[in-house]
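Trainee: Pasted the sequence and its predicted model underneath.
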Amino acid sequence: MQSDDIIWTVINHQFCSYKVKTSTQNFCRNEYNLTGFCTRQSCPLANSRYATVREKDGVLYLYMKTIERAHTPANMWERIKLSNNYVKALEQIDKELIYWPNFITHKCKQRITKITQYLIKMRRLSLTAQPKKVGIKKKLERREATRERKALAAAHLEKNIEKELLERLRSKAYGDQPLNVNEDVWRQVLDLDRKGKEKELELDMEDDESLLDSDEEREEEEEYEGGEREYVEDTDDESVGDLEDYSGSEFDEFDSEEEGSEGQEFPSDLDVSDEDGDGEEDGGEEQPKAKKPPTNGSGGLAGTKRKQPPKGSSTKKGARRPKVDVEYEMETEPLSREMLKNW
Amino acid sequence: MVRDKKIKNAFKRSDEHRKAKREKEQAKLARRMEIKKAEKSKENGAALKAERLAKNVPRTLDNTRQYDATSYLTADPATMRDLEEKAARASRMINGEEPEEDDEESDDEDEDEDEDEEMPEAGPSKQRNTQADNDEEEGDDIEEVEEEEQEQEQQQEILQDQPMPPPKILITTSASPCKLTYNFCDDLKNVFPGGEFFKRPRGRGYEIGRVARWAGKRGYGALIVVNEDHKAPNAITLINLPAGPTAYFKLSSVIPSAQIYGHARPSPHSPELILNNFTTLLGHSVGRLFGSLFPPQPQFRGRQVVTLHNQRDFLFFRRHRYMFTSPTSAKLQEIGPRFTLKLRWLRKGLPSVTAPDGRAPAGENDEEDIDLSSDEEGVDEAELAEREKKDEDEAMAEMGMPDNQKKPTKDTGIKVPGLAETGEYEWKWKPKMEVSRRTFFL
């Protein structure tokens, strides 16, 4: 026979598979549970007369269980479809569950209310455009991040931008009187252009050997600092000279960002100044030598044009660079103690 | 022959191995020193070095790139050109004209220059549409003439220096963004001379499709929607208005200008544009899209340059202030935000506005009935506008308000496609495309 008390004592004290224990609350996972808690009043197993409201596909149903059908589990729950109208649904509950304990009717009505509320919310939400959710694929993310890093390294951005800008300058894309170039630099560009055209004419008329000769002559000219045209590398001093047009703050930041041959020259100077002892004179000689290899590295004719005359550089940069200590060799030996005694 | 026997004594064996290795290394070093000495010599040094460098070109992903031949958008431009020429020649033969061989050679040169990592200077899509709409199968003559026209136009622009108003750009975010996204949008607003930022409310009526059509009618040139995820911007939807293509990029490595050490301050001059390394048709269209965001005539006085460099499908955005220190060198100081984009998909038309359950948007329920009864296959934009207006009037009537016969907004004559119209995907990235390491699409 059905004895709810016995069932409850067993379920509560021993084991119930629907029971979920937490530190503060006990929950019931049974689908027919009215409140969701594991309590004596709301346990569907321990109450032979029970009712719930459940929702399926947006339609509300009232489920009822009575003692008369307790022995036929297949037909135990009676399902009644509730009206879509909220008020009518409440009235239906009142009608069906008349004479039932207040707890059950009250909880059923609360459930109806809650369910209709969330159904309304769902319908309203479906009208707005929801952001599409896409899963994070860790492998893909990692792969793309690595590829991006490698692509950035392969891109040589600053170099390419510089190259592009210089090409535009040389190809006269900025017009005849460009606003973005310094006058001196623009004059140099025009001179280069003119020289290039002259060279082309020469090429047509002369042999290849003479070309090489003219190149060598040009190299020698540069070393002697002769002539009006100097092909000078971008140095600090040059930029300082152009400062009249531009604000000073810009250039402090330029220095911090510069790369290329200038950076290479600094360490060689610093090393030389720090050297003690024998190699001072050698150090003085090494300095111009050390400068040449980094500039030669830029290769070919372009490199030679950019090569800086070493004497000129040392005088220009003397103000800023660390000074080179040169030891003078004395004609007489320094006096030792014994020599002093025997003086 | 007797195979070289392994020395059974481990110590002896390792000694021998070490010696052999050292000898090998010494030999290699000696060889390299000789080469270095030879190259240092004055006579042939430079030539020898050049020869060596030309012979030993390292194999990189960019060198050994394989074009994706599945679509004409991402195909190798060289093969495309060949196909074009063949088609042109065939059509000429069919039409009975004489084949013009001189033009073909000169065309090759022109197209080489064009392809050479350089795009023409910035120009809005409006200006370029007429020139860019040429069919790929037309004769080469037309392309040549148009290139000349472009050059002439550019020169004229440079000389006349007529300031055209910069295209207005609407910048917005996804709903409820965070501080990082706001800062990024502020930076973006500074990048584009015509940039304007608006906060985007959540809810109906503010879907991207609606915002895009509204902006189109108001005369904006483009719409940029910065998407946010996990409290950081992660994607950009770039929509060209009024009826232009939509592009969706994944956004990564966002570095605002404040975090760049030694950054420059931007000025309101319109920047120059550098679009590097766009080779395929898809790449060109993306580059043009980007170019249309900037005013056609840059103000060189400002000495600002915006670069979008494509490397292995990653678009690196940089903004610099430059200065020419000599005819052979320029110095760059970085302004502004630094970020990378990766194209995910490119679509024609504007994004449609449909509820997620697939129903048509409100106010357009009658359209299906009208479509069934219409005889035309295509739908005119004018008709659509009329239908929209009719629907709106009906909706207003239902609500009990009087019909507005005259719309409060003035008719600017800009045709904007209907709400439910979507374009098809021109190109879409799928993870399964990433099989080969050497395939790039842009």
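Mentor: Cool, got the structure. Note that this is a predicted model, so its numbers are computed, not measured. Numbers count the residues shown, from 1 in each chain, chains lettered A, B, ... in the order given.

Trainee: Let me see the ranges of the helices in the stretch 101-250 of chain A.
Mentor: Per DSSP state H, counting those that start in this stretch, the stretch 101-250 of chain A carries helices over the ranges A:102-127, A:138-155, A:157-170, A:183-205, A:208-223, A:236-241, A:248-257.

Trainee: Let's have the ones you listed in TSV, adding distance to B:Arg321, mean neighbour count and mean pLDDT.
Mentor: In this view, the C-beta of every residue, glycine as well, is placed from N, C-alpha and C. Shown next, in TSV, are these (distance: least, C-beta to C-beta, whole Å; neighbours: other C-beta atoms under 10 Å in any protein chain shown; pLDDT from 0 to 100):
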stretch	distance to B:Arg321	mean neighbour count	mean pLDDT
helix A:102-127	48	14	94
helix A:138-155	20	14	94
helix A:157-170	11	18	93
helix A:183-205	16	13	87
helix A:208-223	31	12	49
helix A:236-241	14	15	49
helix A:248-257	8	14	45
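
Trainee: mind checking which of the ones you listed is nearest B:Ser71?
Mentor: Taking C-beta to C-beta, helix A:138-155 is the member of the helices of the stretch 101-250 of chain A nearest to B:Ser71, at 21.5 Å.

Trainee: So which elements touch that closest one?
Mentor: In this structure, helix A:138-155 packs against strand B:246-255, strand B:304-311, strand B:314-326, strand B:329-347, with contacts taken as 3 or more C-beta pairs under 8 Å, 6 or more residues apart in numbering or on different chains; DSSP states H and E.

Trainee: Any stretches of chain B with poor pLDDT?
Mentor: B:1-2, B:97-163, B:355-412 (pLDDT under 70).

Trainee: Oh, that last question was meant for the stretch 1-150 of chain A, not what I typed.
Mentor: Using pLDDT under 70, the flagged stretches of the stretch 1-150 of chain A are A:1.

Trainee: And for B:Lys250, the neighbour number?
Mentor: B:Lys250 is flanked by 18 other residues according to other C-beta atoms under 10 Å in any protein chain shown.

Trainee: Take stretch A:117-127, keep the C-alpha atoms, and write them as PDB.
Mentor: Only the C-alpha atoms of stretch A:117-127 are listed here, as PDB (Å, rounded to 0.1, in the frame of the first residue of the first chain):
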ATOM      1  CA  GLN A 117       7.100  35.700 -18.200                       C
ATOM      2  CA  TYR A 118      10.100  33.900 -19.500                       C
ATOM      3  CA  LEU A 119       8.200  32.900 -22.700                       C
ATOM      4  CA  ILE A 120       7.400  36.600 -23.400                       C
ATOM      5  CA  LYS A 121      11.000  37.500 -22.900                       C
ATOM      6  CA  MET A 122      12.100  34.800 -25.300                       C
ATOM      7  CA  ARG A 123       9.700  36.000 -27.900                       C
ATOM      8  CA  ARG A 124      10.800  39.600 -27.600                       C
ATOM      9  CA  LEU A 125      14.500  38.600 -27.600                       C
ATOM     10  CA  SER A 126      14.100  36.600 -30.800                       C
ATOM     11  CA  LEU A 127      12.900  39.800 -32.600                       C
END
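
Trainee: hmm, that stretch in reach of chain B?
Mentor: Yes: shown here: stretch A:117-127 in contact with chain B (C-beta under 8 Å from any C-beta of the partner chain) through A:Ser126, A:Leu127.

Trainee: Tell me the residues of the stretch 1-150 of chain A that contact chain B?
Mentor: Neighbours of chain B within the stretch 1-150 of chain A, by C-beta under 8 Å from any C-beta: A:126-131, A:137, A:140, A:143-145, A:147-148, A:150.

Trainee: biggest separation within those, which pair?
Mentor: A:Leu127 and A:Lys150 (45.4 Å).

Trainee: center of chain B - which residue?
Mentor: Central residue of chain B (C-alpha atoms, centre = their mean): B:Val286, 2.6 Å from the mean position.

Trainee: if we can go back for a sec, any chance of the helices and strands packed on helix A:138-155 in CSV, plus distance to B:Tyr261?
Mentor: What follows is the helices and strands packed on helix A:138-155, written out as CSV (distance: least, C-beta to C-beta, whole Å):
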stretch, distance to B:Tyr261
strand B:246-255, 11
strand B:304-311, 19
strand B:314-326, 14
strand B:329-347, 9
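
Trainee: Of those strands, which is nearest B:Ser267?
Mentor: Closest to B:Ser267 of these, according to C-beta to C-beta: strand B:304-311, at 6.8 Å.

Trainee: Return the list of strands paired to that closest one, each annotated with direction.
Mentor: Using DSSP bridges, strand B:304-311 pairs in its sheet with strand B:272-276 (parallel), strand B:314-326 (antiparallel).

Trainee: For it, which outside residues touch it?
Mentor: Strand B:304-311 is contacted by residues A:151-152, A:154-155, A:157, A:160-161, A:165, B:62, B:191, B:266-267, B:269, B:271-278, B:283, B:287, B:290, B:294, B:315-322, B:335, B:442 when judged by C-beta atoms under 8 Å, 6 or more residues apart in numbering or on different chains.

Trainee: could you redo the last one with a cut-off of 6 Å?
Mentor: Contacts with strand B:304-311, where a contact means C-beta atoms under 6 Å, 6 or more residues apart in numbering or on different chains, come from A:151, A:154-155, A:157, A:161, B:269, B:271-278, B:290, B:315-322, B:442.

Trainee: so how far is that strand off the chain centroid?
Mentor: 11 Å (C-alpha atoms, centre = their mean, to the nearest Å).

Trainee: can I get the helices of the stretch 101-250 of chain A in JSON lines with distance to A:Cys43?
Mentor: Converted to JSON lines, these look like this (distance: least, C-beta to C-beta, whole Å):
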{"stretch": "helix A:102-127", "distance to A:Cys43": "12"}
{"stretch": "helix A:138-155", "distance to A:Cys43": "44"}
{"stretch": "helix A:157-170", "distance to A:Cys43": "70"}
{"stretch": "helix A:183-205", "distance to A:Cys43": "90"}
{"stretch": "helix A:208-223", "distance to A:Cys43": "100"}
{"stretch": "helix A:236-241", "distance to A:Cys43": "86"}
{"stretch": "helix A:248-257", "distance to A:Cys43": "74"}
